[in-house]
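Novice: Predicted structure and sequence below. I'll ask about it afterward.
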Amino acid sequence: MDERLVQFDEKMQKTMNNLSEEFGSIRAGRANPHVLDKLKVDYYGTPTAIQQVANVNVPEPRMIQIQPWEASMVKEIEKAILTSDLGINPTNDGKVIRLLFPELTEERRKELAKDVKKKGENAKVAIRNIRRDANDSFKKLSKSADVSEDEVKELEDGAQKMTDKYITEIDKAVEAKTKEILTV
């Protein structure tokens, strides 16, 4: 791959990684500890990820169990979950916090599927914007006498091939996540 294309490929890969993270935080009926990834708790004045102050595990398919290393963190973790957009009320016995995930209703599944599709579309737009930036930079190269029109055409073709590859990956990821959500 031409080194002038590498930087744009890296940007497209970051877009894919971001999409994967977003999909990981969408719960699909099963308990997934990644839904906690974006939540931060106040740990001695520092916003800290829950996974860094507690053991997080999934003892049952629809339950996440959070066991803080310090008893004082139970209230902080509970507060973070309540103020988040998870829509789940935590229960605790003073030492362990449990999150019970209810079965998703058909309506909620369809909403989540729409959300997945929307996130996929946003990722495609980001990929296309990166392609546009790449093509703009190649056109600037053609204005300088160092690069021939054929080279610019080759670079643009390379950018298009990368774009097609990532758009196909996004479509597959959206399809897989939608199937996961709609499967009861």
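Specialist: Here it is on my side, so go on.
Novice: going forward, measure contacts and count neighbours with C-alpha atoms only.
Specialist: OK.
Novice: Report whether the expected contact of residue 174 with residue 118 is present.
Specialist: No. Contact between residue 174 and residue 118 fails when scored by CA atoms under 8 Å: they sit 9.3 Å apart.
Novice: Neighbour count for the two, which is higher?
Specialist: Per other CA atoms under 10 Å, whichever of residue 174 and residue 118 has more neighbours is residue 174, with 23 against 13.
Novice: Now do the same contact list for that one.
Specialist: Going by CA atoms under 8 Å, 6 or more residues apart in numbering, residue 174 touches 116, 117, 120.
Novice: could you say what helices and strands the helix or strand that contains residue 19 packs with?
Specialist: Assigned by DSSP states H and E, residue 19 belongs to helix 3-24. Secondary-structure packing of helix 3-24 (3 or more CA pairs under 8 Å, 6 or more residues apart in numbering; DSSP states H and E): helix 106-143, helix 149-182.
Novice: what residues go with each domain of this structure?
Specialist: Domain assignment for the chain, taken from automatic domain parsing, gives 3-24+105-182, 33-100.
Novice: Can you get me the start-to-end distance on the last one?
Specialist: The one in question is domain 33-100. End-to-end distance for domain 33-100, by CA to CA, to the nearest Å: 12 Å.
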